[in-house]
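Student: just coords:
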């Protein structure tokens, strides 16, 4: 039975993997954003470090949260719904080792299991991590993680089925400098250092808002963490931590995605829960590209300005730069800008592969696999970077497309909604990894679509 997007919402949609989208209609209305995927899942892992239960609020209903919940439960953590809607109570009192089969059943869906290493080494003296999954957007090595764990005193044994870690003498403080301000590696160091003996100094750390929110979670648990200038973080290890009560930072990636949807479809979307401070860099680019926004106490209104969309030059970078997660939905909007835009992707080497399908829909995008030089460049060149040159405006038309990854998948759906005609978008289930109640939100904004598989 075909489910009509404008008429039928409900749990039966959650497994939908194919959408038929009739485009050409502006998206208008309100969507609510909850806690950030990149904070909520890490705060859930942090609950393993506490001696008492933790309560996490504003937890999004997304696949990545389900994966982490399952991994915690197979390790003996009790996870229950809290009294407040959207809250979880996590009790690590029964934490134990999990067998390979249980972990492997969930690990292929996410890269978060690597962050279990530090807490499990403190709690149990050992950890096992099978092969890791996640979006295929380029080489995302875990060497930064493993090198850091070795510095703490962990013994790493790579096996055909995965990686086994042990800490026969416990973990101690370390002096660590990351070769790149990796978010995942910074989270690894924080989750490991808070219970390690002595002091840890982390240099070249990531400082994303979600990292600072995780530091806030750990400080609530009893950790001693200080942030110094120039990406330096000091952690003084403590003998024990207790549970936390924390409300997650809003998901700025989802907020930016809906903002780009308003820009691409010439709509108007109020993103309830979005905040200005964490989105300053995005808002500047949004305005330069011809967007308009109004900040209120409880969210941000996003729309096009009265003038045509304008070309922009963007370089993705670690915070406080323009996030790599923002460029894919933005590129869809830039196909309608009057002129030539350039997007330099400096974080992941394969994140521009999604543009091939946009070209099939009528876009004019040329990807330079080795990037582009320019006197205007502010972000240091990286060996793996690419660049996309987008010439517009070009009308988009319907097509059959397959979702490649989380953000690219969202970009495809928005492109289909902006295009004339009908598009068939497959593998949309992956979007549930990071977008809560995605189909319901599209319906609330007036999107015309059917879930057909």
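Tutor: Arrived safely. Since the model is a prediction, treat every value here as computed from it, not as a measurement.

Student: List the residues that contact residue 199.
Tutor: By C-beta atoms under 8 Å, 6 or more residues apart in numbering, the contact set of residue 199 is 173, 234-237. Every C-beta, even on glycine, is put in place using the N, C-alpha and C of the backbone.

Student: Give me the buried subset of those residues.
Tutor: Buried subset of these (neighbour count, 16 or more other C-beta atoms under 10 Å): 173, 235, 237.

Student: Residue ranges in the stretch 51-200 of the chain under the pLDDT threshold?
Tutor: The stretch 51-200 of the chain contains residues with pLDDT under 70 at 98-110, 131-141.

Student: Strands along that one, start to end?
Tutor: 54-57, 78-81, 88-91, 126-130, 155-159, 162-166, 175-177, 199-203 (DSSP state E, counting those that start in this stretch).

Student: per-residue pLDDT, residue 404?
Tutor: Looking at residue 404, its pLDDT stands at 88.

Student: Could you verify my assumption that it touches residue 352?
Tutor: No: assessed by C-beta atoms under 8 Å, residue 404 is found out of contact with residue 352, at 10.8 Å.

Student: In terms of packing, which of those two has more residues around it?
Tutor: Using other C-beta atoms under 10 Å as the criterion, residue 404 and residue 352 rank with residue 352 on top: 25 against 22.

Student: Tell me if I'm right that that one and residue 385 touch.
Tutor: No: in this structure residue 352 lies outside contact range of residue 385 using C-beta under 8 Å: 9.8 Å.

Student: Between these two, which contacts overlap?
Tutor: Common neighbours of residue 352 and residue 385 (C-beta under 8 Å, 6+ apart) are residue 345.

Student: For residue 433, state which of the contacts of residue 199 is nearest.
Tutor: Residue 433 lies nearest to residue 235 out of the contacts of residue 199, by C-beta to C-beta, at 29.8 Å.

Student: Nearest residue to that closest one in space, please, no chain neighbours.
Tutor: residue 193 (3.9 Å; C-beta to C-beta, 6 or more residues apart in numbering).

Student: and that neighbour, what does it touch?
Tutor: Applying C-beta under 8 Å, 6+ apart, the residues contacting residue 193 are 118, 152, 173-174, 200, 202, 235, 237.

Student: mind running it again at 7 Å?
Tutor: By C-beta atoms under 7 Å, 6 or more residues apart in numbering, the contact list for residue 193 reads 173, 200, 235, 237.

Student: List the residues that contact the last one.
Tutor: Taking C-beta under 7 Å, 6+ apart, we find residue 237 in contact with 173, 193-198.

Student: Now a PyMOL select for only the buried ones of these.
Tutor: Buried members of the contacts of residue 237, defined by 16+ other C-beta under 10 Å, are picked up in PyMOL with:
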select buried, resi 173+193+194+195+196
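
Student: on that earlier part again, just tell me which of the strands of the stretch 51-200 of the chain ends up closest to residue 302.
Tutor: Comparing the strands of the stretch 51-200 of the chain by C-beta to C-beta, strand 54-57 comes nearest, at 25.5 Å.

Student: Paired strands for that closest one, with orientation please.
Tutor: strand 88-91 (antiparallel), strand 245-247 (parallel) (DSSP bridges).

Student: among those strands, which is nearest residue 36?
Tutor: Nearest of the strands paired with strand 54-57 (C-beta to C-beta): strand 245-247, 11.2 Å.

Student: how distant is the closest one from the center of its chain?
Tutor: Per C-alpha atoms, centre = their mean, to the nearest Å, the displacement of strand 245-247 from the mean C-alpha position of its chain is 20 Å.

Student: What helices and strands are in contact with the following helix or strand past that strand?
Tutor: Going down the chain from strand 245-247, the next helix or strand is helix 252-265, by DSSP states H and E. Identification of packing neighbours for helix 252-265 by 3 or more C-beta pairs under 7 Å, 6 or more residues apart in numbering; DSSP states H and E yields strand 268-272, strand 299-304, helix 324-334, helix 406-418.

Student: so can I have CSV of the ones you listed showing distance to residue 79?
Tutor: Shown next, in CSV, are the helices and strands packed on helix 252-265 (distance: least, C-beta to C-beta, whole Å):
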stretch, distance to residue 79
strand 268-272, 27
strand 299-304, 29
helix 324-334, 27
helix 406-418, 23
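
Student: Tell me which of these lies nearest to residue 314.
Tutor: Here helix 324-334 is closest among the helices and strands packed on helix 252-265 (C-beta to C-beta), at 6.3 Å.

Student: what's the spacing between stretch 339-353 and its chain's center?
Tutor: Using C-alpha atoms, centre = their mean, the offset of stretch 339-353 from its chain centre is 17 Å.

Student: Just the buried residues of stretch 305-323, please?
Tutor: Quick answer for stretch 305-323 (16+ other C-beta under 10 Å): 309-319, 322-323.

Student: tell me how far it is from the chain's mean position?
Tutor: For stretch 305-323, the distance to the chain centre is 19 Å (C-alpha atoms, centre = their mean).

Student: List the contacts of it.
Tutor: 181, 206-209, 253, 263, 281-282, 285, 288-292, 324, 327, 333-334, 336-347, 376-379.

Student: Which of those residues fall in strands?
Tutor: 291-292, 339-345 (DSSP state E).

Student: Just the buried residues from these, in PyMOL please.
Tutor: Entered in PyMOL, the line below selects the buried ones among the ones in strands among the contacts of stretch 305-323, by 16+ other C-beta under 10 Å:
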select buried, resi 291+292+341+342+343+344+345
